[in-house]
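# Everything below, folded, please.
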Amino acid sequence: MHAGSVAVVGGSIAGCATALAAVRGGAERVTLFERAAGQLRERGVGLAMHADRYAELADAGYVDDGMPWGPLERRIWTVRDDAGGAALGRDLQVQDFPFRAYSWGPLWSELRRRVPDEVDYRTGASVTAVEEDADGVTLALADGGRERFDVVIGADGYRSVVRDTMFPGLQP
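Predicted coordinates for the structure are as follows:
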């Protein structure tokens, strides 16, 4: 994209990464809509990233070693072993597992920090409808506003308004 306007619906991890990519890709104007008001709160979940994907994302500037993470080096497959008396079961297989574990909050905070200032990051901005026509896409907002964009990207999670518009009735 060498110009034009992009709306990203959803301001979490995927939304921040997408907004950053749109700016780097040459979008003239990027607006990010996050339905939660204020700072997103800790989600309390862990995310794992394969070492090869980490290298790609680090090279692209999305992540770096300064972000808090923990190593995951192996995966152990176990089964219950009532006959053998092993309290934790019996190992079936040990597998190399070159992953990095992240907590949601610090990962989001770091990606949010990387979103350039020229991105209009709006909190408390709930998108209620997406209307496409031959010339672009219009977003209807909960506050009654309407805004037009060349491209709309859905990063709005399991309750996605964008997905519901594109594929009515499809459930995640």
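# Need the nearest residue in space to Q95, chain neighbours excluded.
Nearest-residue entry for Q95: R75, 4.6 Å, with adjacent residues in sequence omitted and distances by Cβ to Cβ, 6 or more residues apart in numbering. (Glycine included, C-beta is placed from N, CA and C.)
# brain fart, D120
T31 (4.4 Å).
# Now the phi/psi pair for that neighbour, please.
phi -120, psi 130 (degrees, to the nearest 10).
# Quick check: the gap between it and V6.
Distance of T31 to V6, given as Cβ to Cβ, to the nearest Å: 7 Å.
# so what sits against both of those two?
Shared contacts of T31 and V6 (Cβ atoms under 8 Å, 6 or more residues apart in numbering): F149.
# just to revisit the earlier point, what strand or helix carries the residue nearest to Q95?
Using DSSP states H and E, R75 sits in strand 70-79.
# got it, and V152?
strand 151-154.
# helices and strands around that strand, which ones?
Secondary-structure packing of strand 151-154 (3 or more Cβ pairs under 8 Å, 6 or more residues apart in numbering; DSSP states H and E): strand 5-9, strand 136-141, helix 161-166.
# Starting from it, tell me which strands it pairs with and how they run.
Applying DSSP bridges, strand 151-154 is found paired with strand 5-9 (parallel).
# quick one: secondary structure of L57?
With DSSP: H, G, I helix; E, B strand; the rest coil as the basis, L57 sits in helix.
# The nearest residue to Y54 once chain neighbours are set aside is in what secondary structure piece?
Among residues not flanking Y54 along the chain, R100 sits closest, at 5.4 Å (Cβ to Cβ, 6+ apart). Assessed by DSSP H and E, R100 sits inside strand 90-103.
# quick one, that strand and strand 70-79 angle?
Interaxial angle of strand 90-103 relative to strand 70-79 (axes from the mean of the first three to the mean of the last three Cα atoms, to 10 degrees): 150 degrees.
# which strands and helices sit next to strand 90-103?
Packed against strand 90-103 by the contact rule (3+ Cβ pairs under 8 Å, 6+ apart) you find strand 46-50, helix 51-59, strand 70-79.
# now those in CSV, with mean neighbour count, distance to G105 and mean pLDDT?
Shown next, in CSV, are these (neighbours: other Cβ atoms under 10 Å; distance: least, Cβ to Cβ, whole Å; pLDDT from 0 to 100):
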stretch, mean neighbour count, distance to G105, mean pLDDT
strand 46-50, 14, 11, 91
helix 51-59, 13, 18, 95
strand 70-79, 11, 14, 91
